[in-house]
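Undergrad: Return a 3D structure for these sequence lines:
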Amino acid sequence: MKPVVRRVALAALLVGLAFLGPLALAKKKIKTAAPAMDEHKRANHALNRLTFGPQPGDVERVMTMGVDAWIDRQLHPDKMDDSALEARLVPFRTLRMDTREMVENFPPQPVIKAVASGKQPLPTDPLKRAVYEAQLQRYEQKQDQKQEANNGTTNKQSAADATGIAAADQAIPADQVQELLDQPPDQRVKAFLRMSPEEQRALTASLRGDQRDEFVEGMNPKQRETMMAVNDPGQVVGSELQQAKILRATYSNRQLLEVMTDFWLNHFNVFIGKGPDRYLLNAYERDVIRPHALGKFEDLLVATAKSPAMLFYLDNWMSVGPDSDAALGISDRSAWRRRGPGGQAKRQHSGLNENYGRELMELHTLGVNGGYTQDDVTEVARVFTGWTLKQPTKGGGFTFEARMHEPGDKIVLGHRIKSHGEKEGLEVLHILARHPSTAKFVSTKLAVRFVSDNPPAALVDRMAETFLKNDGDIREVMKTMLASPEFWAPEAYRAKVKTPLEFVVSALRASAADVTDAMPAVRHLQNMGMPLYGMQPPTGYSTKADAWVNSSALLDRMNFALALAAGKLKGVAVDPERLISATTPSDSQQALAALESSLLAGDVSQQTHQVISARLQDPKISRRKLDDPPRPPNLAMIEGLLLGSPEFQRR
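TA: Residues are numbered from 1 along each chain as shown. Down below sits the predicted model:
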């Protein structure tokens with residue numbers, strides 16, 4: 001480790017540990033007799049709670065418009081122009097693809113397997129074909145290795161060939177790489193396509209850091225994606241989805257919509273690492289969650305229930321009723337085919353899966369104490385048999401398969417659900433969406449996200465009442481919450497600890513960062529324990545402080561803040577001087593005061609101010625001797641320390 005890096009890391013550790021005490025206070029509900037918020041604080045509070053954090057100048061803009069008018073605008077996002085964000089998303093072609101297109105352009109293993117077996121032809125498009133051929137060769141090599149392992153023998157020549165290929169992946173001479181980099185973009189692409197699959201993989205594997213960016217510079221989106229997809233097609237899909245989430249949260253004018261989309265994605269969690277869900281999540285967020293984020297809860301519930309992403313994640317697409325035609329092996333419903341020799345049906349298998357039925361009630365609607373029983377779980381599972389997918393490996397959508405559906409009436413929460421195929425599921429979703437326990441459970445989760453880790457019961461009750469009176473209208477529930485004295489209580493101000501996602505994006509927004517590559521932010525979130533779309537259990541991530549407040553997490557946040565402010569994040573440009581409206585301060589103390597005002601609206605405790613001030617005067621930090629002449633203030637260091645402060649960790 002270089003000395004400068006060691007000093008920065010030490011400073012981060014010392015400051016982070018010093019901040020642990022004040023930050024931990026945010027986990028408690030603090031009751032004070034503080035006066036009501038003034039208009040400046042109201043604007044800052046609204047921005048901290050209803051967006052991913054204020055950008056420079058946002059507080060003044062909200063005050064000019066009026067806090068209530070700004071909130072009303074955010075509640076109606078369709079009225080706002082978001083073309084600047086859309087321009088940033090243009091390079092990510094997968095965002096505009098349906099799942100079938102995505103599977104076709106970035107083939108997962110089942111597609112490659114179909115090509116290998118002759119069931120599907122190679123594409124004629126040269127860019128697509130390059131991706132297919134690289135994956136096909138990799139697939140065939142793995143199959144050969146499996147065959148040798150099954151035969152209990154080792155083919156030395158095959159092993160040598162494999163070793164040679166692996167060595168070749170690292171053996172592209174530097175002068176050849178540079179020769180490619182010196183060519184115009186179209187010539188680079190043509191040269192790449194002339195290479196064998198082994199050479200293509202070797203080249204893409206050998207490009208590192210700036211060279212990789214230089215290699216794809218000037219290429220159109222399809223060409224750039226092809227370069228990545230040669231090594232891993234699925235990585236392109238996942239990377240573009242994750243980068244788009246960071247960019248939307250950072251740059252969208254429709255901030256409340258993005259916050260609500262994130263809230264519902266977490267509520268109806270789907271894990272990106274389960275099979276084809278990597279390919280299904282884009283449509284899930286785009287077509288299921290975002291359009292319904294401020295609409296009727298029942299519409300959102302039905303959309304998630306029919307979503308291929310949810311059907312696959314919770315295994316309902318494979319759920320078969322024990323007495324269904326599929327389970328009994330019936331291909332014709334005539335009586336003579338339905339009976340075995342003893343007059344009883346021939347039972348081939350029973351594949352009832354209760355995962356979705358359980359999570360539907362426990363996590364999506366009623367809550368764990370919502371009044372349902374294990375019998376209800378089983379009955380709901382029987383109701384949703386036959387809700388399945390059409391050709392899931394090829395990106396097919398929802399279909400109802402009557403042969404898989406469990407016949408007969410069911411009893412759910414005391415309601416008799418008459419045998420009616422797919423309509424049974426819609427009836428159950430209707431009952432659950434309008435249940436008082438659902439109203440309270442959903443209202444509680446919204447209040448936890450926007451008001452307090454321990455929201456007042458009276459507020460939750462009023463929100464639940466609005467939910468029931470307005471048929472689960474999410475916008476109306478939000479209006480009740482936002483009009484409440486509890487939301488605007490002085491003790492609520494900066495009392496919620498940010499999740500890693502909220503922290504990272506709020507730092508980008510507060511810094512007025514220009515993000516051209518969001519992957520460094522994505523990787524930092526993974527290091528902080530919150531990989532995007534990466535929560536494996538269906539519970540989703542916690543939005544409460546106790547899940548995120550510990551010394552290791554604070555150090556990770558501080559390191560990110562320092563790297564961001566110092567311009568050490570590749571693809572993220574910041575300029576601390578832009579955060580100071582007046583002339584650049586002549587000393588560190590003036591700079592600290594100016595940046596406290598810009599980044600935190602002046603809401604900095606005396607303890608935080610003193611700790612940072614002391615660090616800035618430490619020779620190990622300032623890198624000057626006592627007799628050295630004064631140096632310009634290190635704005636990047638000050639910005640980084642403030643972004644890592646306990647006040648910035650709270651919203």
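Undergrad: Pro436 and Phe467 touch, don't they?
TA: No - with contact defined as CB atoms under 8 Å, Pro436 and Phe467 do not form a contacting pair (9.0 Å). Every residue, glycine included, has its C-beta placed from N, CA and C.
Undergrad: These two: which has the busier surroundings?
TA: In this view Pro436 and Phe467 are compared by other CB atoms under 10 Å, and Phe467 has more residues nearby, 26 against 14.
Undergrad: Now do the contacts for the more buried one.
TA: Contacts for Phe467 were tallied using CB atoms under 8 Å, 6 or more residues apart in numbering; they are 297, 438-439, 442-443, 473, 476-477.
Undergrad: Roughly how far does it sit from Thr365?
TA: 12 Å (CB to CB, to the nearest Å).
Undergrad: Identify the contacts common to these two.
TA: Jointly contacting Phe467 and Thr365 under the rule CB under 8 Å, 6+ apart are 438, 442.
Undergrad: What about the contacts of Phe467, which are in helices?
TA: 297, 438-439, 442-443, 476-477 (DSSP state H).
Undergrad: what two of the residues you listed are the furthest from one another?
TA: Farthest pair in the ones in helices among the contacts of Phe467 (CB to CB) is Thr438 and Glu476. Separation: 15.2 Å.
Undergrad: more crowded one of those two?
TA: Thr438 (25 against 18).
Undergrad: Would you confirm that the more buried one contacts Leu366?
TA: Yes - applying CB under 8 Å, one finds Thr438 in contact with Leu366, separated by 5.7 Å.
Undergrad: Give me the common contacts of these two.
TA: Leu432.
Undergrad: quick one: contacts for Lys190?
TA: Contacts of Lys190 (CB under 8 Å, 6+ apart): none.
Undergrad: same deal with Trp387?
TA: Counted by CB under 8 Å, 6+ apart, Trp387 has contacts 305-306, 311, 316-317, 319, 398, 400, 422, 425.
Undergrad: Which strands and helices lie in contact with whichever helix in the chain runs longest?
TA: When the chain is parsed with DSSP H, its longest helix is helix 126-151. Helices and strands touching helix 126-151, by 3 or more CB pairs under 8 Å, 6 or more residues apart in numbering; DSSP states H and E, are helix 99-105, helix 109-116, helix 156-169, helix 185-194, helix 197-206, helix 221-229.
Undergrad: Which of these has the lowest mean pLDDT?
TA: If these are sorted by mean pLDDT, helix 156-169 sits at the bottom with a mean of 45.
Undergrad: name the element the residue most central in space within the chain belongs to?
TA: By CA atoms, centre = their mean, the chain has its centre lying nearest to Leu532, at 3.5 Å. Assigned by DSSP states H and E, Leu532 falls within no helix or strand.
Undergrad: I figured it was touching Pro500, is that so?
TA: No - counting by CB under 8 Å, Leu532 stays clear of Pro500, with 9.9 Å between them.
Undergrad: Now do the shared contacts for the two.
TA: With CB under 8 Å, 6+ apart as the test, Leu532 and Pro500 both reach Leu525.
Undergrad: Tell me which stretches of the protein form strands.
TA: For the chain, the strands defined by DSSP state E occupy 387-389, 398-400, 410-412, 415-417, 514-515, 572-573.
Undergrad: Now the third one: buried residues?
TA: Looking back up the chat, that one is strand 410-412. 410, 412 (16 or more other CB atoms under 10 Å).
Undergrad: Identify the residues contacting the residue nearest to the centre of the chain.
TA: With CB under 8 Å, 6+ apart, Leu532 has these contacts: 241-242, 245-246, 272, 501, 522, 525.
Undergrad: related to what we said a few turns ago, in JSON lines, list the helices and strands packed on helix 126-151 along with distance to Phe268.
TA: Shown next, in JSON lines, are the helices and strands packed on helix 126-151 (distance: least, CB to CB, whole Å):
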{"stretch": "helix 99-105", "distance to Phe268": "18"}
{"stretch": "helix 109-116", "distance to Phe268": "26"}
{"stretch": "helix 156-169", "distance to Phe268": "40"}
{"stretch": "helix 185-194", "distance to Phe268": "40"}
{"stretch": "helix 197-206", "distance to Phe268": "36"}
{"stretch": "helix 221-229", "distance to Phe268": "28"}
